[in-house]
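Asker: give me a 3D structure for the following:
(chains A, B and C)
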Amino acid sequence: MDFYKRLELTGQRIPYGKVATYGQLALLCGKPKNSRQVGYALRRNLAGEQIPAHRIVNASGILSGAGAFETPDMQRMLLKEEGIEVRKTDSGWKVDLKKDGWKNTLSDAVELRGMFDAMGI
DNA sequence: GCACTGACGCGGG
DNA sequence: TCCCGCGCCAGTG
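Answerer: Below you'll find the predicted structure:
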C-alpha cells in the first residue's frame, strides 16, 4: 500500500471549485488516521506536481498550508479564481465547507478502491 | 531503537 | 465558537 500514490489519485478527484479536508483525503486513501501525512506529503510535494494542493484545507476550513506556496496569499488567490469565497477570520483565511466543501459519495470511494487495487498500490 | 516534529482530528468544557 | 489536551503515525536525526 503506497499512501502517497493513493493520495495523488485521490487529490486529482477533487472537483474544480470545491475544497477537501486532510482527514477526508486520508479516509479515501484507506488510512483514516493519516491526516498528518497528507499535510506532510503536500508540503514536500510527494503526491505529484499536478495535485490541486490549494483545494486542501483543515477540518475547520482554514487554509493551513499557505506557507508552502510561492507567496503567502497564493492559495487564497487560486481559490478565489475558482469562485470560492475566502473569508478573513481571527484564526486565518477560511472557506465555507458547508457551501464549497467537496461532498464525496460512496461511489467515489468505491471507484478509488478499484483503481488502487488495479494499480497494486 | 528512541525522541521529537508536524499544511491534522476530535471530544470536552 | 473557541481553546485545550490527547491521539495519531511517517519522517528525521
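Asker: which parts of chain A sit against DNA strand C?
Answerer: A:3-4, A:33-37, A:40, A:44, A:60, A:89-91 (CB under 7 Å from any atom of the strand). Bear in mind the C-beta positions are built from the backbone N, C-alpha and C, glycine included.
Asker: how about these in a markdown table, adding pLDDT and neighbour count?
Answerer: Listed next are these as a markdown table, based on pLDDT from 0 to 100; neighbours: other CB atoms under 10 Å:
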| residue | pLDDT | neighbour count |
| --- | --- | --- |
| A:Phe3 | 94 | 18 |
| A:Tyr4 | 94 | 16 |
| A:Lys33 | 90 | 9 |
| A:Asn34 | 93 | 19 |
| A:Ser35 | 92 | 18 |
| A:Arg36 | 92 | 11 |
| A:Gln37 | 93 | 18 |
| A:Tyr40 | 92 | 13 |
| A:Arg44 | 89 | 10 |
| A:Ser60 | 91 | 13 |
| A:Thr89 | 86 | 10 |
| A:Asp90 | 82 | 5 |
| A:Ser91 | 83 | 10 |
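Asker: now the residues you listed in CSV, with secondary structure?
Answerer: Output for the residues of chain A next to DNA strand C, formatted as CSV (DSSP: H, G, I helix; E, B strand; the rest coil):
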residue, secondary structure
A:Phe3, helix
A:Tyr4, helix
A:Lys33, coil
A:Asn34, coil
A:Ser35, helix
A:Arg36, helix
A:Gln37, helix
A:Tyr40, helix
A:Arg44, coil
A:Ser60, coil
A:Thr89, strand
A:Asp90, coil
A:Ser91, coil
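Asker: could you pick out which of the residues you listed are near DNA strand B?
Answerer: A:Ser35, A:Arg36, A:Gln37, A:Tyr40, A:Ser60.
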